[in-house]
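Student: below is the sequence, then the predicted model.
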Amino acid sequence: MPAILDSYALIAFFRGEEGAVKELLHKAADADRPVHMTEVNYAEVKYTLLKKDGAEAWRQAADVLRSLPVEFHPVLRPLADSAADFKVRFKISLADAFAAALAKEMKAELVTGDPQFKALEKEIKIVWLKGGR
């Protein structure tokens, strides 16, 4: 089953907080099967690292990101429609709504530790990182 990363998971990886994400990325690289993320979630990762960790931390993360087996998905209208539906029905951020929409579209597991996704457990499959849930 494909895996979707939300920004929580990738930020935790860059900060060295979540070994499970590192393991998932190694397995994806070994199997030549990328994990997935929306461009919206990418923007949230960049914004968060720049704001909280600074420009140098972002430059280092961006260098590492180029080598990771992550496939980024652009936002097309059907994905935006699905994200809007999640946003209306659940109390989640817009970026989280896009991650959920991609997981639903790809029939994939969403990898996160963000407790906002708790309400979506009946809608999409969620793989919880420690600290979440």
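Tutor: Yep, that arrived. This one's a predicted model, so the numbers in the text were calculated from it and none came from an experiment.

Student: give the buried residues for stretch 22-42.
Tutor: 24-25, 28, 34-38, 40-42 (16 or more other C-beta atoms under 10 Å). All C-beta atoms are positioned from the backbone trio N, CA, C, and that covers glycine.

Student: try stretch 89-106
Tutor: 90, 92, 95-106.

Student: kindly report the same for stretch 59-71.
Tutor: Buried residues in stretch 59-71, counted by 16+ other C-beta under 10 Å: 61, 65, 68-70.

Student: quick one: contacts for Val64?
Tutor: Val64 is in contact with Phe14, counting by C-beta atoms under 8 Å, 6 or more residues apart in numbering.

Student: do that again at 10 Å, thanks
Tutor: Residues near Val64 by C-beta atoms under 10 Å, 6 or more residues apart in numbering: 13-14.

Student: hang on, the earlier thing: now intersect the buried residues of stretch 59-71 with the strands, please.
Tutor: Members of the buried residues of stretch 59-71 lying in strands (criterion: DSSP state E): Val70.

Student: starting at the chain centroid, how far to stretch 68-86?
Tutor: Averaging C-alpha positions (C-alpha atoms, centre = their mean, to the nearest Å) puts stretch 68-86 11 Å from its chain's average.
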